[in-house]
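**Q** got a sequence here, can you build the structure:
(2 chains)
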Amino acid sequence: MSEIYRKWGRSVRREGPRLVMVDEAGEAVESDGIFRTRALGEDLDLHAPDPAAVERAAREIESIVASPLSIERLLVSEGAVRHQFGDRTWNETARRVHISVARGPLRTIFDLAEFRFENLRSGIEALSRVGKERRPPKRIRLAEHIGTALLAFVPIARLQSAAPHDGKGESIAERLAVHEPPNWFRPSYRIRPRRAWFHLRVAPFGIVESDLPEAVALLAPVSPREIRVLCVDGRAVYPTTIPMRPIIAARPTPTWYPYGAGAFGAELML
Amino acid sequence: MVRRDELWVRGTLDESRLSQGQAIARGREIIARDRIDDRDLADKLRSDCDAEMDRLRRATASLKDARVRGIVTATKAELESTITVTMDGISVVTSPDDVAADYAALRRLRRPPTAPPPARPLPIVWRNGSAAVLLHEAIGHAAEHAHAALEWPRWLRARDVARDGRIANLIEGQPPPALRRESFRDVPLRRMTHLHFEQIGAPFELPANRIEVFLISSGTYEPLSQTISIDVAVADSIKGKKTERIPPFALRASRKEVARALIGATGDPIRYPGVICSREGQELYVGSRAPVMLTAVLR
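**A** Presented below is the predicted three-dimensional model:
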């Protein structure tokens, strides 16, 4: 049996100082275990993303970062996509922001899916006041954009959120994220689809105490063993590495982040 | 550009990708799409790409016990053909011309560890051209980032040669001459093309107790701290006349420490089978040659 998936996309991306506009369409066919893709080279009947919105977002980020901080990497994009799988067709739009800001040997990294930069501002403001490395506090609160990055690794109850389509056009149902995911994730037509949990959100438990030291920025991608963060503790700001430890409270937030097949913000208390 | 990318697992085709496109730069804007306006050029690139992929398939047809990924990219400027052969998680990156020899070498090198990691750090002899990876990170990436040149041993030469013949002296801190990109969707970046490391009159005294490195699984350069990390895939521990295979291990050092530790080299440059360099999400093949080199203890 053959599965045929087609995707048409238009995107605008600000990458450093360059503005890149890409139009492309492609087809993926999975048949007898072989995964084949090819470019279609077709004209696109899709509205073009707005370069001005991308440019404005990039400039807003650039205006936030001032010496002695520097932007190491800046990617801001907006895309419009049409998918087709079998007889189903559906459209999506997406915004993505990836930014790393450096100060000396420290690098803060942010991945966002909206052109709203409150968390970025607070992380960058903290980086501008950073002091020396410290041991991690006994208890710490992770800001929502950091907690969500951990969801793939932590053994706490998580829910898949409902959405209209997965990578094979099937609807995504709300359910506890346990055992094997029922839905298929296809980040590009060139990548073989894999099963994944979509739009994960943490099931709330306990009370996240607001007066604890707070991790406001990631200093490295999360790993299953530890997280390296920028911590705001009263008036002090310091880099610290937190060994993975039990989560004692969790609270979901409504902001969606582009980790894996998507995850909602999660304030966590460790 | 036109690209074919195929993955063969134990002699069976598993994945096949065909992509094409063009990018037009206008000032700071790049307009990219998956169609090539010049039909004659498109036909030629597709024909060149297909012919080279046929050659690549013939060259790898007998590799029935490995995972083989072949990528052919045809552009106006070049035709590039790379093959990654993986067995038991260990890879070499090679070409249709060299794949038979590199596959045979990979089979010879593939042995389970027979000894634990050394209890204390030892000097390292970088065989099989593997010093090219160490210096790719410590010299090549530093030059890409325009980091200040360091004092390297006087006997060391380090050049990056672009496909059009332009040469950069990396020891002097000259940046790689070529702007390269993985696909038509990508922003071209100043990247290494062919690294040639040579020694002229270097000292070389083989320590009795040492590690000998043959293959490396990955290397990284952290531009903020100017440190390098090397994951060694295949290495032996030598104690006097006793040679034992040791498990994979990792090294981490600043580039200054690497410069200080480089204490010897011998012979002509040897082609190292395999550097796929990833930066800014763009994976590019970098040709790499280095003589046998010796580093003092790197912790």
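
**Q** list the buried ones in the helix or strand hosting B:Thr73?
**A** Using DSSP states H and E, the element containing B:Thr73 is strand B:67-74. For strand B:67-74, the neighbour count (16 or more other Cβ atoms under 10 Å in any protein chain shown) marks B:Arg67, B:Val68, B:Arg69, B:Gly70, B:Ile71, B:Val72, B:Thr73, B:Ala74 as buried. Placement of C-beta: from N, CA and C, glycine included.

**Q** indicate whether that strand makes contact with chain A.
**A** No - Strand B:67-74 lies out of reach of chain A by Cβ under 8 Å from any Cβ of the partner chain, never closer than 12.6 Å.

**Q** partner strands of the helix or strand of chain B with the lowest mean pLDDT, parallel or antiparallel?
**A** Every helix and strand in chain B was compared by mean pLDDT, DSSP states H and E; the lowest is strand B:276-279, with a mean of 89. Partner strands for strand B:276-279, per DSSP bridges, with pairing direction: strand B:282-285 (antiparallel).

**Q** that older thread, okay, the least confident helix or strand of chain B in PDB with CA atoms only?
**A** Extracted in PDB, the C-alpha atoms of strand B:276-279 (Å, rounded to 0.1, in the frame of the first residue of the first chain):
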ATOM      1  CA  ILE B 276      30.600  16.100   7.700                       C
ATOM      2  CA  CYS B 277      30.700  19.500   9.300                       C
ATOM      3  CA  SER B 278      27.500  20.900  10.800                       C
ATOM      4  CA  ARG B 279      27.100  24.600  11.500                       C
END
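
**Q** neighbouring strands for the strand holding B:Thr73, and are they parallel or not?
**A** strand B:2-9 (antiparallel), strand B:79-87 (antiparallel).

**Q** what residues sit buried inside the longest helix seen in chain A?
**A** Determined from DSSP state H, the single longest helix within chain A is helix A:51-64. Neighbour counts over helix A:51-64 (16+ other Cβ under 10 Å) mark A:Pro51, A:Val54, A:Ala57, A:Ala58, A:Ile61, A:Ile64 as buried.

**Q** show residues contacting it.
**A** Residues outside helix A:51-64 that contact it (Cβ atoms under 8 Å, 6 or more residues apart in numbering or on different chains): A:12-14, A:19, A:21, A:71, A:74, A:76-78, A:97, A:99, A:115, A:117, A:120-121, A:124.

**Q** restrict the residues you listed to contacts with chain B.
**A** Okay, of those touching chain B (Cβ under 8 Å from any Cβ), that's A:Leu19, A:Met21.

**Q** and the strands in the stretch 151-270 of chain A?
**A** A:158-160, A:175-176, A:184-185, A:194-195, A:198-202, A:214-218, A:226-233, A:236-243, A:249-257, A:261-269 (DSSP state E, counting those that start in this stretch).

**Q** any chance of those strands in TSV, plus mean neighbour count?
**A** Output for these, formatted as TSV (neighbours: other Cβ atoms under 10 Å in any protein chain shown):
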stretch	mean neighbour count
strand A:158-160	20
strand A:175-176	13
strand A:184-185	20
strand A:194-195	12
strand A:198-202	23
strand A:214-218	25
strand A:226-233	22
strand A:236-243	17
strand A:249-257	18
strand A:261-269	23
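
**Q** export the ones you listed to CSV and append columns for distance to chain B and mean pLDDT.
**A** Shown next, in CSV, are the strands of the stretch 151-270 of chain A (distance: least, Cβ to the nearest Cβ, whole Å; pLDDT from 0 to 100):
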stretch, distance to chain B, mean pLDDT
strand A:158-160, 28, 97
strand A:175-176, 31, 96
strand A:184-185, 16, 98
strand A:194-195, 13, 97
strand A:198-202, 23, 97
strand A:214-218, 15, 98
strand A:226-233, 13, 97
strand A:236-243, 12, 97
strand A:249-257, 19, 97
strand A:261-269, 19, 97
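
**Q** so which of the contacts of helix A:51-64 belong to strands?
**A** A:Val12, A:Arg13, A:Arg14, A:Leu19, A:Met21, A:Ile71, A:Leu74, A:Val76, A:Ser77, A:Glu78, A:Val97, A:Ile99 (DSSP state E).

**Q** list the beta-bridge partners for the first one.
**A** Using DSSP bridges, the bridge partners assigned to A:Val12 are A:Met21, A:Glu78.
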